[in-house]
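Visitor: dropping the sequence and predicted coords here.
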Amino acid sequence: MNLHRLRAFWRSTTLLDRASGAFLLFRIIFWLTPLDRFVSSFSGWLLILFLIAAGYLLVRILRWARKRLLWGLRNRLIVAYLFIAVVPVVLLFAFIGLSGYLLFFQLGAHLIHDDLDEHISYVTSIADTLEKAVEGEQAKGARVDHSSILGYPGISAVVAAARQRLSGLEIHLPSDPGTAPRTEPEKPGLVQSGSQLWVEAAVRDKSHPEQGILYVRCPVTAEFLDKLAPDLGPIQLTTFRPVSKSESPSDALNLNNMQLVPVGQLVGRRSLQASRAWYDVAIGGGSTLDATLLDSDSPRPVAIPVAAAFSLRPSQLIHRLFASLGAFGDPLVIGLVLILIFFLALEVAALITGIVLTRTITISVDDLYEATRHVRQGDFRHRIHVRQKDQLGVLADSFNAMTGSISELIEEQRQRQRLENELTIAHEVQEQLFPRQLPSLPGLELAAVCRAARVVSGDYYDFMKLGPSSIGMAIADISGKGISAALLMASLQAALRSQAILDGHRTTGEVVASLNKHLYINTSDDRYATLFYAEYDHSARTLRYTNAGHVAPFFVCDGHVKKLDEGGTVVGLFDHAEYLQSTVRIESGSIFVGFSDGLLEPENVYGEEFGSARLASEVLRLRDAPVERIAESLLSAVEQWAGTPEQSDDMTVIVARFC
């Protein structure tokens, strides 16, 4: 079986498939063995060919897998359900997760910026306080000594509180008059000197600008970072400097359209809060802070970015967001969680429902497929198990009913075939009963045609050689059609031949009477036959006949038609029926035409029968034609009158010309 599958797989591949697979196989073997050094000079081209072959085979494998995977209806429905239901839900949850990540990312960056702005504002407020204190003393007319300003009672208290809040707070007073002042920053914020960062705010004495500036600054240390945005985890700051002209910018980092290299890194010492649940995962984020570079050679302040990285727990930020709701926060969170659980339960229920419905559909279709396989193999006894009362169940019932009907039809077909075979045999047997070769007498021409309405005929004709110069002629019509009529015809033929040939000294009436006695005894009451029996004696030039209820044959002589209708009733119906013999003198050129009622009864489209008169006219019209043509032409005339090739009754014609 495996060898058969391997051969089938090999036949399903193309020449290009085999070439690509062989190339990949040999290339992998070369890579894994020392033989690779022999093709090292062609390694570039071989790599390109390898990628092309691998890509081609990958496409072929994917198409093959797609065909095999999607061949079955179950797999098709599962894939369709995945794309219709599961994939959108997964994408929705992925979008929600990504949106949540971006939200917490933004919130973390916002907290850092917000707390940093708060510290900058606090340092600025200290500088403003010092400036206002100086302006207040100057407004009193007092000469303010910048070196002693920190000793003022109000100023000293502010400075002490600030240094307690901000470790390492530095207050730089204006320099002595005549000293070159330091360049003033554009606005309060972060300043960078080397790798060190400060939060700085500076003011200039408006009444004595020549004395320089007063600035307050606080160093950004690990302790400072630990106080910044306490809801976050550890914060890390990375400082940069611009790339000098002598340095290669290949390792530089591009931030804010500037080529920068890192010069320092500062990491907070606090740790990330513990996870409150399995879904409370750590989220990392980052942002950039704007700083002013003090070590720049530029006459104007140079802004330089500072990279800030952080980590956080979503639960901590959610708690801070909902803390502003007060007592309503916890119920709102619980409500959102319950809604989420409800939606998840609905999704799980929808998924289970989809799987169950898909399974019911695929099982029903699989049952139908298996049933069709049994039908294709000729097993019509297989039935589908009906599992549910729905459209698929009705379909299964219909399939079972169809296979049952097909079984019955096949059985009927078999019986019909058997009957047709029997009819064919009966037809062959009946053909043997008709004379194979017509007898011959000097001055006598004979012809006969019998066309059965069915496979077998109920009409009968016969020619018998009775002596050196005499023959017997018979034409009969058996009651009924089909097999029963054919069997009665065989019995009639055997009895007639035995009665006519074995005893040639009796009259035709006596022969028919003996035949009637035989049929009456050996057939049922409803079985009978019409019969015309005649004996032609060439030496005496006479035709002796007895008509036992048969349609009267035509005797044509000198252009006149005479009906031969004397004799008696049908044979086989009455026990002691009497039959008479009549004699006709034969003239040269006379014609005898015997026929069954199948030539008289066909109707045209107006319901008119062909009738005896029209048949006699046809006989007169054809009296000079050969006897074979007369017989065939009479049948053709009747068929043309009926206008249909289908016969309602058997048609038989016998023709005899006497010369």
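Guide: Sure thing, it's come through.

Visitor: what about the stretch 1-150 of the chain, any weak spots by pLDDT?
Guide: Within the stretch 1-150 of the chain, the stretches falling below the threshold (pLDDT under 70) are 1-2, 35-43, 66, 69-74, 137-150.

Visitor: would you list every one of the helices in the stretch 351-500 of the chain?
Guide: Using DSSP state H, counting those that start in this stretch, the helices found in the stretch 351-500 of the chain span residues 391-433, 482-502.

Visitor: ranking those by burial, who's on top?
Guide: Highest mean neighbour count among the helices of the stretch 351-500 of the chain (mean count of other CB atoms under 10 Å): helix 482-502, with a mean of 18. (Glycine included, C-beta is placed from N, CA and C.)

Visitor: against which helices or strands is it packed?
Guide: Using 3 or more CB pairs under 8 Å, 6 or more residues apart in numbering; DSSP states H and E as the contact criterion, the elements in contact with helix 482-502 are helix 391-433, strand 459-467, strand 470-478, helix 508-522, strand 529-537.

Visitor: hey, least reliable of these by pLDDT?
Guide: Within the helices and strands packed on helix 482-502, the stretch with the lowest mean pLDDT is helix 391-433, showing a mean of 77.

Visitor: from the contact counts, what lies against it?
Guide: helix 329-376, helix 482-502.

Visitor: how about a markdown table for these, with mean pLDDT and distance to Met651 added?
Guide: Supplementary listing: the helices and strands packed on helix 391-433 in a markdown table, determined by pLDDT from 0 to 100; distance: least, CB to CB, whole Å:
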| stretch | mean pLDDT | distance to Met651 |
| --- | --- | --- |
| helix 329-376 | 79 | 44 |
| helix 482-502 | 78 | 14 |
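
Visitor: could you dump these to a markdown table with distance to Tyr81?
Guide: Formatted as a markdown table, these follow (distance: least, CB to CB, whole Å):
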| stretch | distance to Tyr81 |
| --- | --- |
| helix 329-376 | 5 |
| helix 482-502 | 62 |
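
Visitor: tell me, how many neighbours does the nearest residue to Ile591 once chain neighbours are set aside end up with?
Guide: Once its chain neighbours are removed from consideration, Ile591 has its nearest residue in Val556; the separation is 4.3 Å (CB to CB, 6 or more residues apart in numbering). The number of residues packed near Val556 is 19, by other CB atoms under 10 Å.

Visitor: same check, this time on Val59
Guide: Using other CB under 10 Å, the number of residues around Val59 comes to 10.

Visitor: related to what we said a few turns ago, need the helices of the stretch 351-500 of the chain in JSON lines (columns: distance to Lys563).
Guide: Compiled in JSON lines, the helices of the stretch 351-500 of the chain are given as follows (distance: least, CB to CB, whole Å):
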{"stretch": "helix 391-433", "distance to Lys563": "28"}
{"stretch": "helix 482-502", "distance to Lys563": "22"}
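
Visitor: can I get the strand or helix carrying Ala631 as PDB, trimmed to CA atoms?
Guide: Secondary-structure assignment from DSSP states H and E places Ala631 in helix 627-642. Once side chains and other backbone atoms are set aside, the C-alpha atoms of helix 627-642 remain, and they are given as PDB (Å, rounded to 0.1, in the frame of the first residue of the first chain):
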ATOM      1  CA  VAL A 627     -46.300 -10.500 -54.700                       C
ATOM      2  CA  GLU A 628     -43.500  -9.400 -52.300                       C
ATOM      3  CA  ARG A 629     -44.100  -5.700 -53.300                       C
ATOM      4  CA  ILE A 630     -47.900  -6.200 -52.800                       C
ATOM      5  CA  ALA A 631     -47.400  -7.400 -49.300                       C
ATOM      6  CA  GLU A 632     -44.900  -4.700 -48.300                       C
ATOM      7  CA  SER A 633     -46.900  -1.900 -50.000                       C
ATOM      8  CA  LEU A 634     -50.100  -2.800 -48.200                       C
ATOM      9  CA  LEU A 635     -48.300  -2.600 -44.800                       C
ATOM     10  CA  SER A 636     -46.700   0.800 -45.800                       C
ATOM     11  CA  ALA A 637     -50.100   2.200 -46.900                       C
ATOM     12  CA  VAL A 638     -51.600   1.300 -43.500                       C
ATOM     13  CA  GLU A 639     -48.600   2.900 -41.600                       C
ATOM     14  CA  GLN A 640     -48.900   6.100 -43.600                       C
ATOM     15  CA  TRP A 641     -52.600   6.200 -42.900                       C
ATOM     16  CA  ALA A 642     -52.000   5.900 -39.100                       C
END
